[in-house]
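Enquirer: Here is a sequence with its predicted model. Questions after.
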Amino acid sequence: MLTYEVIIYWSDQDQAFNAEVPELRGCAADGKTHGAALSNVELVIRQWLDTAKGLGRPIAVPKGRLVFA
């Protein structure tokens, strides 16, 4: 199960929802809907983790919510 924090926000410039994973540098995706952005970033997280493992790079342990509103 993927437990990394995902931040989703609307981008007027992209005309899409952007989803970012702060704990995994450069890990992001987008989608035309909130749900699509989340689904896409879940796939990207798996790919990011597989690539990092293959390259022997360190992988952050999911901390859950990083910022409190």
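Expert: Done, it's in. Numbering: from 1, shown residues only.
Enquirer: shouldn't Leu2 be in contact with Val44?
Expert: No - Leu2 lies out of contact with Val44 (CB atoms under 8 Å); the separation is 10.5 Å. Where C-beta positions appear, they are placed from N, C-alpha and C, glycine not excepted.
Enquirer: more crowded one of these two?
Expert: Neighbour totals were compared for Leu2 and Val44, and Val44 leads with 18 against 11 (other CB atoms under 10 Å).
Enquirer: Distance check, the more buried one against Asp12.
Expert: 22 Å (CB to CB, to the nearest Å).
Enquirer: tell me which element Ala36 is part of?
Expert: Secondary structure from DSSP states H and E places Ala36 in helix 34-55.
Enquirer: neighbouring contacts of that helix?
Expert: If you take CB atoms under 8 Å, 6 or more residues apart in numbering as the criterion, helix 34-55 is touched by 2, 4, 6, 8, 16-21, 24, 26-31, 58-59.
Enquirer: Spatially central residue for the protein, please.
Expert: By CA atoms, centre = their mean, the chain has its centre lying nearest to Val21, at 3.4 Å.
Enquirer: I'd like the distance between it and Leu38.
Expert: 11 Å.
Enquirer: what sits in contact with each of these two?
Expert: Residues touching both Val21 and Leu38 (CB under 8 Å, 6+ apart): Val6.
Enquirer: what stretches of the protein score poorly on pLDDT?
Expert: Within the chain, the stretches with pLDDT under 70 are 1, 64-69.
Enquirer: Buried residues of stretch 48-61, list them for me.
Expert: Residues of stretch 48-61 classed as buried: Trp48, Leu49, Ala52 (neighbour count, 16 or more other CB atoms under 10 Å).
Enquirer: rewinding a little: can I assume the residue nearest to the centre of the chain is in contact with Ile8?
Expert: No - the pair formed by Val21 and Ile8 falls short of the contact definition of CB under 8 Å, at 10.5 Å.
Enquirer: phi, psi of Asn18?
Expert: phi -100, psi 140 (degrees, to the nearest 10).
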